[in-house]
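*Asks:* Sequence plus the predicted model coming up.
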Amino acid sequence: MPTPYAVPLPRVRRTRWLALAAAGLTAFAHADAQVLDWRLSGFGTAGWAQTDRPYAYQRFLSDQGSFKRDSVFGAQLDVQFNPAWSATVQATLAPSLSDDHGLAVTATWAFVSWRPDNDWLVRLGRQRIPLFLNTENRDVGQTYDLLRLPAEVYGIAPSTDVTGLSVSRTWQQPAGEWSLDAYAGADDLSVRASSRDLGTQFLRVHTRVVGAALTLRLEDASTFRASLYRATTEKRDGTPLDARYARVDAGFPLGSYYQVSNDLPGPGVQTASSIVNDVVTLGADLNLAPDWRLVGEVARNFQRRTDLGSSTVGAYMALLHRIDRVTPYVVVSHLRSLGASMRNAQALEQASQAAIIPDLALAQRAAGDSIPVYDQTALSLGLSYALTPHSKLKGEWMRTRIGKRSAMVDSPAGGAVVSHELINTLSISYSFVF
């Protein structure tokens, strides 16, 4: 079940695509020894954050503080072979998202571009798809004023990094520039789940993605985007995914429980060979008046073929006001699970509390913890200061209200699900490009 922490996983595949990109560059160089232009650039963010709670929030944060959540460093090489053909390779160094320890190097971009004219662009290879307003530049913190893009929206899609094909068409109109992007590709992911009894676990899956985005950019730099996205996800080892658990009334001593394993008596766990996420997004970045901006995005994730997944709606609204080099801002964001997923997670928690056999209670509790459900609202007050045209210093206070529960919180071992609590987060970061 894809979660906000579904991320590119295998180093072998990333290395292969880097090698293919390098081979492509070499082939073009031999085909046309005259390289018109090349550019090497870099970017990075060093970010520290701390909460007022002892348990983990957004994987890495607690009252101990951490640099892991927001820190990322990258380099990008762009090569122009002729007016029509070019290639891009980008790699980032960041805390690993395929486990909770160490660093990982990821090829976020590794593609060849063909531009037959000014209106068409075709890309083949590893790329980041245009889903949300800042999806493509989300690692480059210097390009936006928020300390970080709201996880309540930007974590909804299973994956925005795919290896495949994209086609873009642009139209110049009196109202502004229209662009339509269509794409198809695939990705290997690691889906994270935190259990109070079993600790952190990662499920390796393969996802196939298709989608399209329509964008309008006005002369005053206002931007509007609407997108449709479908991801079909299956386990990489070919085994089925759990889709539904039947309720069983077995009498004493088992009592009532949910059959979360075929080892328990019952009709059997219902499974699916794959699950589907259909995501619809709308976003707008508006220049309201001189030095005032209003930014908002909403996303709805419809999850198909399972009652144990992440069927969610997320939205945020941000108001920013630039005062010379300083840009204060306020953000309100919300993420909530809909339908059967939250009901099942809550029912499994109740079943675990009612079970008198410890192993049965553990099975119910672990199954409930594995369902990625969310009920949270966040208020953020922040400040961005442009040190130079190429660097920004940011600070932010965020208060998050957890409702029934949230998969962004790792509930402590041996305790109850974290619910109806407030989490205060203080963050500071330095972002740069060169």
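*Replies:* Arrived safely.

*Asks:* what pLDDT does Ile156 get?
*Replies:* Ile156 is assigned a pLDDT of 95 by the prediction.

*Asks:* isn't there a strand covering it?
*Replies:* No. Applying DSSP: H, G, I helix; E, B strand; the rest coil, one finds Ile156 to be coil, outside a strand.

*Asks:* Off-centre distance for stretch 267-279?
*Replies:* 21 Å (Cα atoms, centre = their mean, to the nearest Å).

*Asks:* center of this protein, which residue is that?
*Replies:* Nearest to the geometric centre of the chain sits Gly155, at 3.4 Å (Cα atoms, centre = their mean).

*Asks:* List the contacts of Leu387.
*Replies:* With contacts defined as Cβ atoms under 8 Å, 6 or more residues apart in numbering, Leu387 is in contact with Arg325, Leu393. (Each C-beta comes from the backbone N, C-alpha and C, glycine too.)

*Asks:* same question, Thr170
*Replies:* Asn118, Asp119, Trp120, Leu121, Glu177, Trp178, Ser179.

*Asks:* Adjacent strands (with direction) for the helix or strand encompassing it?
*Replies:* Per DSSP states H and E: Thr170 is located in strand 161-173. Paired neighbours of strand 161-173 in the sheet (DSSP bridges): strand 120-128 (antiparallel), strand 176-195 (antiparallel).

*Asks:* pull the CA atoms of the last one into PDB?
*Replies:* This points to strand 176-195. Provided in PDB are the C-alpha atoms of strand 176-195 (Å, rounded to 0.1, in the frame of the first residue of the first chain):
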ATOM      1  CA  GLY A 176      -0.500  33.000 -21.200                       C
ATOM      2  CA  GLU A 177       1.400  29.800 -22.000                       C
ATOM      3  CA  TRP A 178      -0.400  26.400 -22.000                       C
ATOM      4  CA  SER A 179       1.400  23.100 -21.700                       C
ATOM      5  CA  LEU A 180       0.200  19.500 -21.700                       C
ATOM      6  CA  ASP A 181       2.400  16.800 -20.400                       C
ATOM      7  CA  ALA A 182       1.700  13.100 -20.800                       C
ATOM      8  CA  TYR A 183       3.900  10.300 -19.400                       C
ATOM      9  CA  ALA A 184       4.200   6.600 -18.800                       C
ATOM     10  CA  GLY A 185       6.900   4.800 -16.800                       C
ATOM     11  CA  ALA A 186       7.700   2.500 -13.900                       C
ATOM     12  CA  ASP A 187       9.500   2.500 -10.600                       C
ATOM     13  CA  ASP A 188      10.700   0.200  -7.900                       C
ATOM     14  CA  LEU A 189       9.700   1.400  -4.400                       C
ATOM     15  CA  SER A 190      10.100   0.600  -0.800                       C
ATOM     16  CA  VAL A 191       6.900   1.100   1.200                       C
ATOM     17  CA  ARG A 192       7.500   1.800   4.900                       C
ATOM     18  CA  ALA A 193       5.300   0.800   7.800                       C
ATOM     19  CA  SER A 194       5.900   1.100  11.500                       C
ATOM     20  CA  SER A 195       4.600  -1.400  13.900                       C
END
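
*Asks:* how about that strand: buried residues?
*Replies:* 176, 179, 181-185, 187-195 (16 or more other Cβ atoms under 10 Å).

*Asks:* Over to the shortest one?
*Replies:* By neighbour count, with 16+ other Cβ under 10 Å as the criterion, the buried positions of strand 120-128 are Leu121, Arg123, Gly125, Arg126, Gln127, Arg128.

*Asks:* Over to stretch 280-297?
*Replies:* Buried, per 16+ other Cβ under 10 Å, within stretch 280-297: Thr281, Gly283, Ala284, Asp285, Leu286, Arg293, Val295, Gly296, Glu297.

*Asks:* could you measure the second one against Tyr183, distance?
*Replies:* Right, the one you point to is Gly283. 17 Å (Cβ to Cβ, to the nearest Å).
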